[in-house]
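Undergrad: Make a model of this:
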Amino acid sequence: MLYLGIDLGTSSVKAVVYNEYGSVIATASEKYNFALYSNVRELDGDNIWDCTKKALSHIAAEKSVSDRLAGIAVSSFGEAFVALDRYGNVLTPIVVGNDNRADLLFDKYSCMYEPEYIAANMGVHPSPTYSAAKMLYIKYNLPDIYERIDCFLMIGDYINYKLCGIKRSEYSLASRTMLFNVYKKKWDTAFIECLGLDKKKFSKPVCSGEIIGEIKNVLASELGLTKKVMIIAGGHDQPCCTLGGGDVANTLVCSMGTSEAMSFALDKPLPVNTVLKYCFPCEPYLAENRYSSMMYNPAGGILVKWFFDTFCKADFINGKPPYKLFEHNAPDGPTTLIVLPYPAGRGTPRLDNAATMQINGLNLGTNRYELYKALLEGMCFEQKYNTELVKNTGQRFDRIIAVGGGTDSLLWLQIKADILNMPIHLTRCKEVASLGCSIICAVALGRYKSIAEAASKMTHITDTIYPSRTMAEFYEERYGKYLSLVAID
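TA: Model (predicted):
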């Protein structure tokens, strides 16, 4: 049997087919439209489905896939949702989490509940980043459209609906709304109504791994699939990354994509005061009634892209940034700059859409190569700060699994290993969110008895970057200066 994992990011959809041993059989990806201007961050739901369908068409065209594909599961970024009418039509643009148009409205309604209640039940720190604020924005700024909404679906749940025609809300994705009780595994209808939202607009919650239904016959015929394919609940992309990274104890999975996140599994929930003070979420994990959390920065690949687009256009080769040039010419040791890496707002431990990037220490001798390395250092310092805060709760981390497009940069990986002073392992498959989805499929369809067994068979480490003791000591000193600029205690 073959399993298809679909990973929906903020800029593209990636579809990867795996066999039962985690080997890649086929891949396809499509970029979708993204509106980015002023305080607006929007996607188009119909465009996301069209791109997903196109990627599926490429996958199904592979003769080795069409008659062996058994299951599909979807992972997606959190917070963003699709508003559908009763006919399944998309009614509004998809507003991405760091779009801040709803911030003032959120502040107005924040007096209606205690932050402790949100942290203790929904597992998140109250923030306009979550879906609830955007839903309120629609209700009070687009009332006619709000009345026509039949259902809110998170992005991954929306794609499942398009695949099989059944509306369901997977637990970990539902937790990104700030309206879902992560411990009771149900919508907090009293809180939903307190905010003036309609509880009927939320679909039935299901756990990851539950079989939602079969792919629609018309769609299967259109794609050229020759056998029944089951649609299985996947989850939020970060816990899917944790699973695709091997689901190993005391391990951080660092997703180096457009944004950057470090996720980890928990055997028990995070303390409420940790959720409340540092904004680390506590959401349902994808296996055995466990939980997961993450530390994240909206910057990542998007900051690297900004640098090359802004300072290096003349050096592009065949339309591609000159990565090797800057990797080769970057200073050998730590830079003299301190960068606060918030070009798109700040993530944990303080959710702040209004935060801006700062570059400290610039002088007439600063060149592009030093600035490039300083940007990478800043993002790694921010991760170290987050990691130390989580460690203070009693969590232990021994290693990092790095995944995503950012792993192409050996410079970035070495800086990360040196600053966090942990070995970084690379996996055979970079797209571990889709691999996590395939692991979920393999268990749901009976190939493996448990998530742990499937993960051990389907994930593979290929290389390791070790920290330099000398560089780690140098960076520890620099970290103290970074800490003096960002610490919230």
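Undergrad: mind checking how far residue 418 is from residue 381?
TA: From residue 418 over to residue 381 the distance is 11 Å, taken as Cβ to Cβ, to the nearest Å. All C-beta atoms are positioned from the backbone trio N, CA, C, and that covers glycine.
Undergrad: and the residue lying closest to residue 391 once chain neighbours are set aside, what is it in contact with?
TA: Nearest residue to residue 391 in three dimensions, chain neighbours excluded: residue 397, at 6.8 Å (Cβ to Cβ, 6 or more residues apart in numbering). Under the criterion of Cβ atoms under 8 Å, 6 or more residues apart in numbering, the contact partners of residue 397 comprise 250, 251, 252, 264, 387, 390, 391, 422.
Undergrad: and which of these is nearest residue 214?
TA: Taking Cβ to Cβ as the measure, residue 264 is the one of the contacts of residue 397 closest to residue 214, at 34.1 Å.
Undergrad: where in the stretch 151-300 of the chain is pLDDT low?
TA: Segments of the stretch 151-300 of the chain classed as low confidence (criterion: pLDDT under 70) are 288.
Undergrad: where do the helices sit along it?
TA: 155-164, 171-174, 189-194, 217-223, 237-244, 272-278 (DSSP state H, counting those that start in this stretch).
Undergrad: just to revisit the earlier point, let me know the secondary structure of the residue nearest to residue 391.
TA: Secondary structure state of residue 397, per DSSP: H, G, I helix; E, B strand; the rest coil, is coil.
Undergrad: Return the most buried member of the helices of the stretch 151-300 of the chain.
TA: helix 237-244 (a mean of 32; mean count of other Cβ atoms under 10 Å).
Undergrad: Tell me which other helices or strands that one touches.
TA: strand 2-8, strand 69-76, strand 251-256, strand 260-266, strand 291-297, helix 432-444 (3 or more Cβ pairs under 8 Å, 6 or more residues apart in numbering; DSSP states H and E).
Undergrad: which helices and strands sit right next to the next helix or strand after the first one?
TA: The helix or strand immediately downstream of strand 2-8 is strand 12-18, counting by DSSP states H and E. Judged by 3+ Cβ pairs under 8 Å, 6+ apart, strand 12-18 is in contact with strand 2-8, strand 24-31, helix 45-60, helix 432-444.
Undergrad: what would these look like in TSV with distance to residue 136, mean neighbour count and mean pLDDT?
TA: As requested, the helices and strands packed on strand 12-18 are arranged in TSV below (distance: least, Cβ to Cβ, whole Å; neighbours: other Cβ atoms under 10 Å; pLDDT from 0 to 100):
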stretch	distance to residue 136	mean neighbour count	mean pLDDT
strand 2-8	24	28	97
strand 24-31	31	17	96
helix 45-60	19	20	96
helix 432-444	29	31	97
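Undergrad: got these as TSV, with distance to residue 149 columns?
TA: Below are the helices and strands packed on strand 12-18 laid out as TSV (distance: least, Cβ to Cβ, whole Å):
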stretch	distance to residue 149
strand 2-8	21
strand 24-31	27
helix 45-60	13
helix 432-444	28
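Undergrad: Which one, of those, ends up nearest to residue 313?
TA: Evaluated with Cβ to Cβ, these place strand 24-31 nearest to residue 313, the distance being 20.2 Å.
Undergrad: Pairing partners for that closest one, with directions?
TA: Looking at strand 24-31 with DSSP bridges, its paired strands and their directions are strand 12-18 (antiparallel).
Undergrad: which residues are in contact with the partner strand?
TA: The contact list for strand 12-18 (Cβ under 8 Å, 6+ apart) reads 2-7, 24-32, 48, 51-52, 55-56, 58-59, 62, 65, 69, 429, 431, 434-435, 438, 458.
Undergrad: what do you get if the cut-off is 7 Å, keeping everything else the same?
TA: Strand 12-18 is contacted from outside by 2-7, 24-32, 48, 51-52, 55-56, 59, 65, 69, 431, 434-435, 438, 458, using Cβ atoms under 7 Å, 6 or more residues apart in numbering.
Undergrad: Only alpha carbons, please: show that strand as PDB.
TA: Presented in PDB, the C-alpha positions along strand 12-18 are these (Å, rounded to 0.1, in the frame of the first residue of the first chain):
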ATOM      1  CA  SER A  12       2.500  26.300  -1.400                       C
ATOM      2  CA  VAL A  13       1.000  22.800  -1.200                       C
ATOM      3  CA  LYS A  14       3.300  19.800  -1.200                       C
ATOM      4  CA  ALA A  15       2.100  16.300  -1.900                       C
ATOM      5  CA  VAL A  16       4.300  13.300  -1.300                       C
ATOM      6  CA  VAL A  17       3.600   9.600  -1.600                       C
ATOM      7  CA  TYR A  18       5.400   7.100   0.600                       C
END
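Undergrad: right, so of the helices of the stretch 151-300 of the chain, which gets closest to residue 307?
TA: Nearest to residue 307 among the helices of the stretch 151-300 of the chain is helix 237-244; the distance by Cβ to Cβ comes to 24.6 Å.
Undergrad: Excluding chain neighbours, what is closest to residue 189?
TA: What sits nearest to residue 189 in space, not counting adjacent residues and going by Cβ to Cβ, 6+ apart, is residue 199, at 4.5 Å.
Undergrad: I misspoke; the intended subject was residue 282.
TA: Using Cβ to Cβ, 6+ apart and skipping the chain neighbours, the partner closest in space to residue 282 is residue 123 (3.8 Å).
Undergrad: so who does that neighbour touch?
TA: With contact taken as Cβ under 7 Å, 6+ apart, residue 123 is in contact with 175, 182, 275, 281, 282, 283.
Undergrad: Please repeat the previous calculation with a cut-off of 6 Å.
TA: Residues near residue 123 by Cβ atoms under 6 Å, 6 or more residues apart in numbering: 175, 182, 281, 282, 283.
Undergrad: I'd say the first one and residue 182 touch.
TA: So the one you mean is residue 175. Yes: contact status for residue 175 versus residue 182: in contact at 5.0 Å, counting by Cβ atoms under 6 Å.
Undergrad: Looking at these two, which is more packed in?
TA: When neighbours are counted by other Cβ atoms under 10 Å, residue 175 and residue 182 differ, and residue 175 comes out ahead with 30 against 21.
Undergrad: Setting the sequence-adjacent residues aside, check what's closest to that one.
TA: residue 283 (3.9 Å).
Undergrad: bridging residues for that neighbour?
TA: Taking DSSP bridges as the rule, residue 283 bridges to residue 292.
Undergrad: Tell me, how many residues neighbour it?
TA: In terms of burial, residue 283 registers 28 neighbours under the definition other Cβ under 10 Å.
Undergrad: what about it, distance to residue 126?
TA: 15 Å.
Undergrad: tally of neighbours for the nearest residue to residue 380 once chain neighbours are set aside?
TA: Counting by Cβ to Cβ, 6+ apart, residue 380 lies nearest to residue 419, which is 4.2 Å off, once chain neighbours are set aside. Residue 419: 27 surrounding residues under other Cβ under 10 Å.
Undergrad: and the helix or strand where residue 419 lies, what does it pack onto?
TA: Under DSSP H and E, the secondary-structure element containing residue 419 is helix 410-420. Judged by 3 or more Cβ pairs under 6 Å, 6 or more residues apart in numbering; DSSP states H and E, the packing partners of helix 410-420 are helix 368-391, strand 461-465, helix 469-486.
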